[in-house]
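[1] predicted model follows, preceded by the sequence.
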There are 2 protein chains.
Amino acid sequence: MVTLSEVARRARVTAATVSNVLRNREKVRPETAERVLKAIAELGYRPNLNARALAQGRSSTLALMLSNIANPFYPEFVVAAERAARQAGYFLMVCNTDDDAQIGRAYLNQIAGTLVDGVLVMNTDTAMNELCIAAMRSAPILLAMWEHPEKPPALPCVAVDFAQAGALAAQHLLGLGHRNIGMLIGDGCGGLQDARSNGFRTALAAGGVVRATVEMVVRDSIDSGYEACMTLMATHPGLTAIFATNDLLAIGAIQALVGMGHAVPGDVSVIGITDIALAHQVRPALTTVAIQTEASAALSIRSLIRLIDEPLQGPSMVIAPAPALIMRDSTGPRRKRNARAAKAGA
Amino acid sequence: MVTLSEVARRARVTAATVSNVLRNREKVRPETAERVLKAIAELGYRPNLNARALAQGRSSTLALMLSNIANPFYPEFVVAAERAARQAGYFLMVCNTDDDAQIGRAYLNQIAGTLVDGVLVMNTDTAMNELCIAAMRSAPILLAMWEHPEKPPALPCVAVDFAQAGALAAQHLLGLGHRNIGMLIGDGCGGLQDARSNGFRTALAAGGVVRATVEMVVRDSIDSGYEACMTLMATHPGLTAIFATNDLLAIGAIQALVGMGHAVPGDVSVIGITDIALAHQVRPALTTVAIQTEASAALSIRSLIRLIDEPLQGPSMVIAPAPALIMRDSTGPRRKRNARAAKAGA
DNA sequence: ATGAAAGCGCTAACAC
DNA sequence: GTGTTAGCGCTTTCAT
């Protein structure tokens, strides 16, 4: 490995000068700089980032902790986060906890403040939250995609107004005439997605529908959305619409409905939340409430970096861009014959 | 930040002893060790991984470079790779190059040998290949998911027998009686997926079918699979089966077929390669050739670590577990009426 | 079994 | 402008 001092020797300067050339190009005479640059090129020198990190006390690396990158939502977030990090001069280390708190804990203990300058954490449950608070001593931690803007956590966070997302979904369904609605509530990876379902319920009530016909809590996946929807339709055949707290569930629901011979949206409408890429790739394309994943990821990274640059005690919350309804092909007006069926089923 | 020497002072020993406690627990007297452990706990000491990396000359971190983690295949690979790395005592840093050679280059230059002890690279095109070879000077590089076992690259690699995968797909379709077959060939993220298509063609010929009725090269995504399949069916209405070099294309093809009113597999069979999670989640569930992603990822990580432990000059190739046909619901026997249509279309 | 000391490769004051 | 000098926090001989 070629070191700074080897470069220095060859350029007939001292290590400090080489270091200066590498950063504040101001304080070194052009000719000298050129000599140094030449030596660097000839030797194929590349700075040792570990040494630099040690000397500077900062590694220019960020960590992103998430529960399971196999969930299609995360990769989309990761892409945007990595891009934002890179543009700000940081590396991004993605830590997959495999839904295992022990692993999350191990990562946090090991890397916070030593390998990385800050950590972005997604989907914290209460246990994870404690760990994060403890880890704050070592390095800035920021919660991304916080689901409860109305109750800020004890840590800095970027919140998404999921209640609003739920409300938009409800208003859309109500506007289409649906009154007999089933809900699929995901358990996320850090607790129930209840901000979304609460927002939905509230808007439903505001629209004159006392409550959803039926609610079901399920694991966050296409498969469980499928299973759950089968159950829902078996027990409540009159449903004319299904709201799922996330797109995976909604996609599973569509498949179940189609599989059972129901037309979507002819017989039953389906709406989700998130707008993952898959949402526009399935047929019928999924109507959903987009939560601006990319913007949120970039905002989270920027906020974390700000936190690193100017440490700030205590919590602070920034709200991500508002959710927006994306109308596609899985929702449509309630049909007459379903109206009757709905009565029967309710 | 609590340092080693603070711990040492409190435990009334020297830094070396603390360090010894932290690794070779052998050479330190139990009572001393206990005192040290106590001090560590009381102070909440956590080793600075950068300092350790600098002193040891190794960071216990691996990098995984991939072109675009938004492609659903990668997250599945990443999960397995991260798990294998963690179990071997390594961190995994996922580097998303965003399909941009410049970014790949920058990553390689910056991290190889300084931040990470080794790099796993996926989907190298020739340009990337050159970069990797150059980077080998700094740290071991290993190509994962190499598509051409018959021509080993100039770097160590873990190869997957994709030709065999293509052959399995061909044999399956032939066995079902299909003779009028369309091919969708993905352009991957580092060149055509031609090992797969060649394997398919060869097996087709061996089965007495001179060649596929029609071939199309397309970008690697559900959307382009959809578009391409529309075109294919418009120009060759007699096709009774479609082979896609990867599952995304196959899934898009199914959607197109269903959208056009063809039954799958009743009228047209569809088969892919890879067996991503989505393959069993779509309807009809996709018949595909599984390439043992998890095993391959774990094998790649282990091989890379071996390369780090005992550096080895020159290329070396290890073959991942063989592909296997996964029969699901998107393929079925050729139907009579299609046989006629096939004649017409051929 | 423990301590002393050197050094990993780089940065950052401060002199000159 | 450039050199000198100290570290950053840890590991690792080598003495003791």
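    All right, it came through fine. What you are looking at is a predicted structure, and each value in this text was computed from that prediction instead of being measured.
[2] anything in the top helix by length along chain A near chain B?
    If you go by DSSP state H, chain A has its longest helix at helix A:293-309. No. On the criterion CB under 8 Å from any CB of the partner chain, helix A:293-309 is out of touch with chain B, staying 10.9 Å away. Every C-beta, even on glycine, is put in place using the N, C-alpha and C of the backbone.
[3] for that helix, packing partners?
    Here helix A:293-309 touches strand A:61-66, helix A:73-87, strand A:118-122, strand A:141-146, strand A:157-159, going by 3 or more CB pairs under 8 Å, 6 or more residues apart in numbering or on different chains; DSSP states H and E.
[4] DNA strand D is nearest to which of these?
    Nearest of the helices and strands packed on helix A:293-309 to DNA strand D, taken as CB to the nearest atom of the strand: strand A:61-66 at 16.0 Å.
[5] could you confirm whether the closest one reaches DNA strand C?
    No. Strand A:61-66 lies apart from DNA strand C when judged by CB under 7 Å from any atom of the strand; the minimum separation is 14.6 Å.
[6] that strand pairs with which strands, parallel or anti?
    Neighbouring strands of strand A:61-66 in its sheet, by DSSP bridges, are strand A:91-96 (parallel), strand A:118-122 (parallel).
[7] so is stretch A:130-138 next to DNA strand D?
    No. If you take CB under 7 Å from any atom of the strand as the test, stretch A:130-138 misses DNA strand D, and the best it gets is 11.8 Å.
[8] tell me if A:Arg328 really is in a strand.
    No. With DSSP: H, G, I helix; E, B strand; the rest coil as the criterion, A:Arg328 is assigned coil and is not in a strand.
[9] around DNA strand D, pick out the residues from chain A.
    Contact residues, chain A versus DNA strand D (CB under 7 Å from any atom of the strand): A:12-17, A:20, A:27-29, A:31-33, A:51, A:54-55, A:57.
[10] domain map for chain A?
    A:4-47, A:61-161+A:293-322, A:162-291+A:326-345 (automatic domain parsing).
[11] the last one close to chain B?
    Yes. Using CB under 8 Å from any CB, we find that domain A:162-291+A:326-345 touches chain B at A:222-223, A:226, A:251-252, A:255, A:258-259, A:277-278, A:281-283.
[12] could I get those as TSV with distance to DNA strand C, secondary structure and neighbour count?
    Formatted as TSV, these follow (distance: CB to the nearest atom of the strand, whole Å; DSSP: H, G, I helix; E, B strand; the rest coil; neighbours: other CB atoms under 10 Å in any protein chain shown):
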residue	distance to DNA strand C	secondary structure	neighbour count
A:Ile222	48	helix	24
A:Asp223	50	helix	16
A:Tyr226	54	helix	22
A:Ile251	48	helix	29
A:Gly252	51	helix	26
A:Gln255	54	helix	24
A:Val258	59	helix	17
A:Gly259	60	helix	13
A:Ala277	39	coil	18
A:Leu278	43	helix	24
A:Gln281	45	helix	21
A:Val282	49	coil	24
A:Arg283	54	coil	18
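[13] what number of residues lie near whichever residue of the stretch 151-300 of chain A sits closest to DNA strand C?
    Closest contact between the stretch 151-300 of chain A and DNA strand C, by CB to the nearest atom of the strand, is at A:Pro156 (25.1 Å). Neighbours of A:Pro156 under the rule other CB atoms under 10 Å in any protein chain shown: 24.
[14] ok, it - contacts?
    A:140-143, A:303, A:307, A:312, A:315-317 (CB atoms under 8 Å, 6 or more residues apart in numbering or on different chains).
[15] recalculate using a threshold of 10 Å.
    By CB atoms under 10 Å, 6 or more residues apart in numbering or on different chains, the contact set of A:Pro156 is A:136, A:140-143, A:146, A:300, A:303-304, A:306-307, A:312-318.
[16] picking up where we left off before, ok, so of the residues of domain A:162-291+A:326-345 next to chain B, who is nearest B:Asn96?
    A:Ala277 (15.0 Å; CB to CB).
[17] picking up where we left off before, following the longest helix of chain A, which helix or strand comes up?
    For helix A:293-309, the following helix or strand on the C-terminal side (DSSP states H and E) is strand A:317-319.
[18] from the contact counts, what lies against that following strand?
    If contacts are counted by 3 or more CB pairs under 10 Å, 6 or more residues apart in numbering or on different chains; DSSP states H and E, strand A:317-319 sits against strand A:141-146, strand A:157-159, helix A:293-309.
[19] single out the most deeply packed of those.
    Greatest average neighbour count among the helices and strands packed on strand A:317-319 goes to strand A:141-146 (a mean of 26), per mean count of other CB atoms under 10 Å in any protein chain shown.
[20] could you measure the closest residue to A:Ala11 other than its chain neighbours against A:Ala63, distance?
    Sequence neighbours aside, A:Ala39 is the residue nearest to A:Ala11 in space, at 4.0 Å (criterion: CB to CB, 6 or more residues apart in numbering or on different chains). To A:Ala63, A:Ala39 is 35 Å away according to CB to CB, to the nearest Å.
[21] when these two are compared, which one has more neighbours?
    For the pair A:Ala39 and A:Ala63, the greater number of neighbours falls to A:Ala63 (25 against 21), based on other CB under 10 Å.
[22] which pLDDT does the model give that one?
    For A:Ala63, the pLDDT comes out at 98.
[23] could you do A:Ala341 as well?
    48.
[24] cool, and the one 5 residues further on?
    Per-residue pLDDT puts A:Ala346 at 37.
[25] what residues are up against A:Ile69?
    Counting by CB under 10 Å, 6+ apart, A:Ile69 touches A:75, A:77-78, A:94-98, B:69, B:74-76, B:78-79, B:82, B:94.
[26] ignore what I typed, I meant A:Ala159.
    Contact analysis of A:Ala159 by CB under 10 Å, 6+ apart lists A:143-153, A:195, A:296, A:317-320.
[27] the residues you listed, buried ones only, as a PyMOL selection?
    Selection of the buried residues among the contacts of A:Ala159 in PyMOL, burial being defined by 16 or more other CB atoms under 10 Å in any protein chain shown:
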select buried, chain A and resi 143+144+145+146+147+148+149+153+195+296+317+318+320
